[in-house]
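**Student:** curious how this folds, go ahead:
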Amino acid sequence: MSLWLSHLISLFFAFLGLNGGANTYSIPTDLNAWRSKPQWLPTREVPHYEKGKDNSTATGIYPLPQHCWQRAKNAEDIEAFRMKNNLTLVTAMPQDAALMPSWPQALMQYLIVNPPINCAATSETKHNGFILSSEAITPFNVLQVIFSPFVFIGWVVSFGISQANHASGGWVSVLGWAGWYELMHFYGVFAIVPLLFQWVASLAIIAQRWQGVIGAVAYRITNLNGCVPYDGLDYLQMGARSRSFKIFQSVTFPTATFFALTLAGNPESFTGGMACLALAELMYTAYVANAGTPMVVSGNCLLVELNPRKGFLDSSINTRWKAFSSFMGF
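**Tutor:** Below is the predicted model:
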């Protein structure tokens, strides 16, 4: 238990840093006309906030960063921020990549893919009164055995959709293979094929995300409404937390692989280590869900992203993608 706890504490504090500073950027309406004009931005009146002081009446001319993002709790906060900084709302259409990892996926992974709770019943094999083997079977192990084939099929379908959509491809779990690793004692050699396939494909997904091959466009801009973004549309379209989640997956994948290689003969410790990763993900996504709606600024353009409170399941994102991605884990 102490090993699990140490893993959990270190991962939790490391991952909290992924939220980073709320900094993000924007875009224009007629792209051809925009590209033919010199890039300039009007001076905006931005309040100067000082730590530890009453900033309710703070004023002054301070430049808002060309690329930044902040969070808003409600529509009034969004409108106040827009008016205060003289920003123009852009019109955008959420893509599959806008459904970023959220608490429903993290919860599913915590309970099904990497079940941590060991409310076990013991199964013993005896011969002539001697115990030859003893194995703990939990209710979550039973759920794993039943649901893993279906989760695998859903994962393969979502992987294919993500690859087909390229830049707008959605987020796919990179720890799904761990469930098969834990079930090798039940499925035997039949678990090796899906395990290896998901591991290799997960590594490819991480590489493709950093290269911008998939998931670079979370919100496709359809109208700039006259505003001028800074240095193109990429910052507005990529999603405020895309980099944080890329880092998250880039850390958890090799960590889980390390657990698999070093704890191969100790399934209980492997399950504990994976439970720590899953719990860290659940805690971070719970924080994100309650932190507010991201507002992304680029130049004098403002993009308001989807509210993550309900895990994006109430959003206008493609229903098929929501159905496949909402139960696969991180």
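**Student:** for the stretch 201-330 of the chain, which segments count as strands?
**Tutor:** Using DSSP state E, counting those that start in this stretch, the strands of the stretch 201-330 of the chain run over 219-223, 293-298, 301-304.
**Student:** which stretch among these comes nearest residue 268?
**Tutor:** Closest approach to residue 268 among those is made by strand 293-298 (39.6 Å; Cβ to Cβ). Quick note: C-beta positions are derived from backbone N, CA and C, even for glycine.
**Student:** hey, what's the angle from that closest one to strand 219-223? Just curious.
**Tutor:** Counting by axes from the mean of the first three to the mean of the last three Cα atoms, to 10 degrees, strand 293-298 lies at 60 degrees to strand 219-223.
**Student:** direction included, what does strand 293-298 pair up with?
**Tutor:** strand 67-72 (antiparallel), strand 301-304 (antiparallel) (DSSP bridges).
**Student:** deepest-packed of those, please.
**Tutor:** strand 301-304 (a mean of 25; mean count of other Cβ atoms under 10 Å).
**Student:** coming back round to it: turn the strands of the stretch 201-330 of the chain into a markdown table, including mean pLDDT.
**Tutor:** As requested, the strands of the stretch 201-330 of the chain are exported to a markdown table (pLDDT from 0 to 100):
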| stretch | mean pLDDT |
| --- | --- |
| strand 219-223 | 96 |
| strand 293-298 | 96 |
| strand 301-304 | 97 |
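**Student:** of those strands, which approaches residue 107 most closely?
**Tutor:** strand 293-298 (21.1 Å).
**Student:** what does the closest one contact?
**Tutor:** Residues outside strand 293-298 that contact it (Cβ atoms under 8 Å, 6 or more residues apart in numbering) are 22, 24-27, 64-73, 78, 81, 85, 87, 229-231, 233, 235-236, 240-241, 302-308.
**Student:** so where's this protein shaky on pLDDT?
**Tutor:** The chain contains residues with pLDDT under 70 at 1-63, 112-144, 185, 265, 326-330.
**Student:** just to revisit the earlier point, dump the strands of the stretch 201-330 of the chain to a markdown table, plus distance to residue 253.
**Tutor:** Shown next, in a markdown table, are these (distance: least, Cβ to Cβ, whole Å):
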| stretch | distance to residue 253 |
| --- | --- |
| strand 219-223 | 26 |
| strand 293-298 | 25 |
| strand 301-304 | 29 |
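**Student:** quick revisit: so which of the strands paired with strand 293-298 is nearest residue 153?
**Tutor:** strand 301-304 (35.0 Å).
**Student:** residues in contact with that closest one?
**Tutor:** With Cβ under 8 Å, 6+ apart as the criterion, strand 301-304 contacts 26-28, 72, 78, 81-82, 85, 87-90, 92, 219, 221, 224, 227-229, 236, 293-297.
**Student:** how about a cut-off of 6 Å?
**Tutor:** 26-27, 78, 82, 87-90, 92, 227, 229, 236, 295-296 (Cβ atoms under 6 Å, 6 or more residues apart in numbering).
**Student:** same thing with stretch 167-187?
**Tutor:** For stretch 167-187, the surrounding residues in contact (Cβ under 6 Å, 6+ apart) are 95-97, 99-101, 113-114, 144-145, 148, 155, 158-159, 162, 191, 194-195, 198-199, 202, 205, 214-217, 249, 253, 256, 260, 274, 321, 325, 328-330.
**Student:** filter the contacts of strand 293-298 to the buried ones?
**Tutor:** 22, 24-27, 64, 66-72, 78, 81, 85, 87, 229-230, 233, 235-236, 240-241, 302-308 (16 or more other Cβ atoms under 10 Å).
**Student:** helices along the stretch 151-300 of the chain, start to end?
**Tutor:** 177-182, 184-187, 192-211, 234-237, 242-262, 267-291 (DSSP state H, counting those that start in this stretch).
**Student:** in a markdown table, list the strands paired with strand 293-298 along with distance to residue 184.
**Tutor:** As requested, these are exported to a markdown table (distance: least, Cβ to Cβ, whole Å):
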| stretch | distance to residue 184 |
| --- | --- |
| strand 67-72 | 43 |
| strand 301-304 | 45 |
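**Student:** relative to residue 279, which of the ones you listed is closest?
**Tutor:** strand 67-72 (23.8 Å).
**Student:** what angle separates the closest one from helix 267-291?
**Tutor:** Using the same axes, to 10 degrees: strand 67-72 against helix 267-291 is 90 degrees.
**Student:** next structured bit after strand 67-72?
**Tutor:** helix 75-84 (DSSP states H and E).
**Student:** what does that next one contact?
**Tutor:** Residues contacting helix 75-84 (Cβ under 6 Å, 6+ apart): 72, 302, 304.
**Student:** tabulate the CA atom coordinates of it in CSV.
**Tutor:** Extracted in CSV, the C-alpha atoms of helix 75-84 (Å, rounded to 0.1, in the frame of the first residue of the first chain):
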residue,chain,number,x,y,z
ALA,A,75,-21.7,33.6,-19.5
GLU,A,76,-21.5,36.9,-17.6
ASP,A,77,-17.8,36.3,-17.0
ILE,A,78,-17.2,35.6,-20.7
GLU,A,79,-19.0,38.8,-21.8
ALA,A,80,-17.2,40.9,-19.1
PHE,A,81,-13.8,39.6,-20.3
ARG,A,82,-14.7,40.2,-24.0
MET,A,83,-15.8,43.7,-23.3
LYS,A,84,-13.0,44.6,-21.0
